[in-house]
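In: just the structure for this:
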Amino acid sequence: MKQFIVVDFETTGNQPRRGDSIIQIGAVVVENGQIIESYSTFVKPDKPIPPFITQLTGITDEMVSDAPSIEEVLPDLLRLLDGRTFVAHNAAFDLNFLQEALLSQGYYPFDGPILDTVELARVLLPMQSGYRLVELASDFDIQHENPHQADSDAIATAHLLLRLLDILYKLPLITIQGLQMMISSFRFDVATLLREIEMEKLMHSFPIDEAGSFITASSAPEETSNYDIYRNLGLKRRKKWTEKQSEQPPIHFSFEPFFERMVALDGDGLALHHEHYEKRESQEAMMHAVYQAFTDQKHLLVEAGTGTGKSLGYLLPGILWARMHKQQVIVSTHTIHLQDQLFGKDIPLLQKALPFSFRAAQLKGRGNYLCLRKFEQSIESQEGATQDIQLAKAQILTWLTETTTGDVEELSLSPSGQSFWQSVRSDTASCLNRECPWFSRCFYFQAKQQAKEADVIIVNHALLIGDIDKENGVLPSFEVAIIDEAHQLDEVASQHFGTQLSSVELFQLVEQLGTEGEKQMLLLLANELKMWQPAEKARIEQHLQQIRIEQQMLKEAVTNWLQLFYHWGSERGMDTGESQRATLRYKTEDFKKKYKKLAKSSDLILQKLGNVAKEIEQLLRILPSSNGEAPYSLQRLQTDAAGLVEEISQVAVKLHFLLVEEQDEYVSWMEIETRTSRKQLFFFKTPLDIADTLRTTLLEPKRSIIMTSATLTVKNRFTYFMERMGFANLPEERVETLSLPSPFDYAQQGLILIPSDFPSVNKEGEQRFVEAVIAGCVDAVRASEGRTMILFTSYSMLRTVYEGMKSLLEGEEFELLGHGVDSSNRSKLVRRFQTGTKTVLLGTNSFWEGVDIPGNVLSCLIIVRLPFQPPNQPLLEGRSERLKAEKKNPFMTLSLPHAVIRFKQGVGRLIRQQTDSGVVIVFDTRIIESKYGRMFLQSLPPYQVETGPWTTLRERIAPFLQ
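Out: From the prediction side, this is the model:
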């Protein structure tokens, strides 16, 4: 494939067989890596252009009124198509319109080769967050001035094709050959392209020594220098983790002179290496406080407003402490975004600016890392691999030529791909350790070794909490830790110290126990054992047959159990709530007393799990005692089988804890998935309180724990956070608090508008409130020219408002993006919002925090309702009951502080830098009408706040933003 015709059509809709037609054609000819010709024309359609198409493309009826018909332009297009490969971004769409146009004019359909740049990009750019043309063009610096115009789209797609072909040609031969094994994942003619590249690489050869010997392209200089070709996989070349780093020389600094040198605007400190560095009083105060807390063996809570620069505020003293005292410092965050900022921006800055060297490492939970042994095994076995799973394998194959970490968070996998990841991720139970042929290249052990030798280790909250709960954790022993985004630690700890199990997990386990398919692991193990121990053939077959029987009985037991619990929940009118899952709280003692059928069905599953585990263990005992002599293939299967036994044990422990054990200090509930036709159950058990656990496992044993966030206080007090996190029961002298103001001038940069005449949901009903919200949002969007984010606490209300706004704004140049409507992927929606114009983003829970959109892209933030948790949410309900029993007010002690912190997080999405300005609109009148409402406003920075009739307030938006 050397000749391509890159095509883009703009059309009146997406159904060519129902009368939709082409209104603009863009075509670009690419030959031998060069663009040699371009062609574009409007096309006169048979019917008027719908308003939403005009809004999307900018193409009007007037622009096409004198254009040629499709009959007139097809000869030109056919000339360009002749002998060339048809290429388009989302090729199925353009191809359907092309074929319909050809057939309607009496031509044969196009039957040449076809490539789809979306399909190619998914495989060749597996780390890409999105595959829309506008996103790819932006990331590759491809000029794309008029998205959704055929000429601009076609030229951008042509440049994208050239970039993708360049990436493809540079892949090592072994990867090209591996991709060909995934042929079923390709819808179009990628396989033909791969075969051509393979032949070119095989035919090309390189002299490598004085004797004139030649080698094939699989060992070409660029491949051997850039790639590590090992056991039929091509990996990015990296330093093997077994190479121990040299000792760092000790350092000796007095903090004050060192600190003054680092923050000075002249000299060789931060200012020299940070282009936009400026002195910030709050940041400097934080540096002092953190270092002092380490010195005095105290814990420190720091609320640092947006713009404080808290990352450098804790990293600089933390790194100095680590190097001076030879003590590792742990830095824990909640979001990937902040981890990436710390590791990709702040750490490199400090490595340049500090007058001494230091080492930093990033460590995540073991399941985040790819197990190369398991992936190699999955490539060898293609049985039962769906198209989606083949695509995931293809993505991982190319990703291995780029990644140095093996961290799944780099990958952009589909839901099916994420499911496949579970089968190839690293885990303890199935690890061969030093017996594994991949050990020296193992991503997980590499990360552990780097962490062991680092001065500062970046982790996430889940890993930190999981580690302090174990005697022999993943993290090296530490005495000091800095926890950023600390307001999230409560939820992460509650999840960790609780348990959850889904019916999907159970069924996946049942499938793993299968012995029917020729590639099933237990059957492979039995066959290997027969070869290794022929005298035991009959006993092996006996155990295998018993596993088959037990697996079938387990499958029936799980199916029956699912039906019983599903009907039991449905009969009790489970509350669907806003998660689209029906929820029902339960007590395990009720199963034994009132619902004995449910208890028996759970007991039967536990019994069958025990039986099948016992049979697998019996099979494993047939292995010879001198197992070190066994071949690698048998060792591998033995380890996987032992891992399966461990997995059975873990599931059994979870099931027993969730449905048999009664724990007064826990809340138990089940959820039923209502969005899909498949019946799925989810069981949860979570501790009512984690304060004592955090105090005894984290706060009391450690020298100094720093917790920081932009939102730790309610009405300028740390009381709520301290009680939830275990600080309240520590000696007062061990805990310091510090509240640091933001450097932003909120009174000038921000305006909060609260309409006093909005209907109340409680008094006037939800319908009237929603109607007012729709009208109010449309007013605000028009006044701010898009650039608006609307935060909801309810999916159903979001969808209703989305539809209402779409109807009222039809024909206007606004793009609405609804979470759960246009996409469920937060990152993709935020990206589309940032790259769009006149865009409006409607988001629910996950959009209240962790969304960072600086600049004038976001100028208006609307909060529809105050973010109170639903009162019937099981964990809140359980905690409220406990507080009542202690004669405390659950609303004032729990619900209100939680909502205030959430509200502060939401408002914090707006002003992200000193040049930002914006308007916050709150449509929930409880904030000015209720006694508790003032607590929300008193907890915010000093914004201008105005109340009054909406007709008056809406006129303030446009002038303020100008």
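In: average pLDDT for whatever helix or strand residue 319 lives in?
Out: Assigned by DSSP states H and E, residue 319 belongs to helix 310-325. Averaging pLDDT along helix 310-325 gives 94.
In: which strands or helices does that helix pack on?
Out: The helices and strands touching helix 310-325, judged by 3 or more CB pairs under 8 Å, 6 or more residues apart in numbering; DSSP states H and E, are helix 255-263, helix 281-296, strand 299-304, strand 329-333, helix 347-353, strand 456-460, strand 480-483, strand 704-709. In short, each C-beta sits where N, CA and C put it, glycine included.
In: could these be laid out in CSV, adding mean pLDDT?
Out: As requested, these are exported to CSV (pLDDT from 0 to 100):
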stretch, mean pLDDT
helix 255-263, 88
helix 281-296, 95
strand 299-304, 97
strand 329-333, 96
helix 347-353, 93
strand 456-460, 95
strand 480-483, 98
strand 704-709, 97
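In: may I see those organised as TSV, with distance to residue 410 and mean neighbour count added?
Out: Formatted as TSV, those follow (distance: least, CB to CB, whole Å; neighbours: other CB atoms under 10 Å):
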stretch	distance to residue 410	mean neighbour count
helix 255-263	32	16
helix 281-296	31	20
strand 299-304	29	24
strand 329-333	17	26
helix 347-353	17	17
strand 456-460	15	25
strand 480-483	24	24
strand 704-709	26	25
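In: in the helix holding residue 319, what counts as buried?
Out: Across helix 310-325, burial judged by 16 or more other CB atoms under 10 Å covers 310-324.
In: out of the helices and strands packed on helix 310-325, which is closest to residue 512?
Out: Shortest distance between residue 512 and the helices and strands packed on helix 310-325, using CB to CB, is found for strand 456-460: 28.0 Å.
In: helix or strand right after that closest one?
Out: helix 461-468.
In: chain center to that next one, what's the gap?
Out: 19 Å (CA atoms, centre = their mean, to the nearest Å).
In: could you give the angle of that helix to strand 329-333?
Out: 130 degrees (axes from the mean of the first three to the mean of the last three CA atoms, to 10 degrees).
In: in helix 461-468, what's buried?
Out: So helix 461-468, judged by 16+ other CB under 10 Å, has buried residues 461, 462, 463, 464, 465, 466, 467, 468.
In: now the strands for the stretch 1-150 of the chain?
Out: Along the stretch 1-150 of the chain, the stretches classed as strands by DSSP state E, counting those that start in this stretch are 3-11, 22-31, 34-42, 85-88, 114-116.
In: now do the stretch 751-900 of the chain
Out: According to DSSP E, counting those that start in this stretch, the strands that the stretch 751-900 of the chain contains are 788-791, 815-818, 839-843, 860-863.
In: now render those strands as a markdown table, adding mean neighbour count and mean pLDDT.
Out: Shown next, in a markdown table, are the strands of the stretch 751-900 of the chain (neighbours: other CB atoms under 10 Å; pLDDT from 0 to 100):
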| stretch | mean neighbour count | mean pLDDT |
| --- | --- | --- |
| strand 788-791 | 27 | 97 |
| strand 815-818 | 20 | 94 |
| strand 839-843 | 25 | 95 |
| strand 860-863 | 26 | 97 |
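In: with distance to residue 896 added, can I get the ones you listed in CSV?
Out: Below are the strands of the stretch 751-900 of the chain laid out as CSV (distance: least, CB to CB, whole Å):
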stretch, distance to residue 896
strand 788-791, 18
strand 815-818, 29
strand 839-843, 23
strand 860-863, 16
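In: in the chain, which residue is closest to the centre?
Out: The residue lying closest to the centre of the chain (CA atoms, centre = their mean) is residue 409, at 6.7 Å.
In: list the contacts for that one?
Out: Residues counted as contacts of residue 409 (CB atoms under 8 Å, 6 or more residues apart in numbering) are 336, 364, 368.
In: among the residues you listed, name the buried ones.
Out: Neighbour counting by 16+ other CB under 10 Å classes 364, 368 among those as buried.
In: let's see which of the contacts of residue 409 end up in helices.
Out: Among the contacts of residue 409, the members falling in helices are residue 336 (criterion: DSSP state H).
In: pick out the lowest-pLDDT one from the contacts of residue 409.
Out: Lowest in pLDDT among these is residue 336, which has 78.
In: tell me which element residue 559 is part of?
Out: Following DSSP H and E, one finds residue 559 within helix 537-571.
In: what are the buried residues along that helix?
Out: Within helix 537-571, the residues scored as buried using 16+ other CB under 10 Å are 540, 543-544, 546-548, 550-551, 554-555, 557-558, 561-562, 564-566, 568-569.
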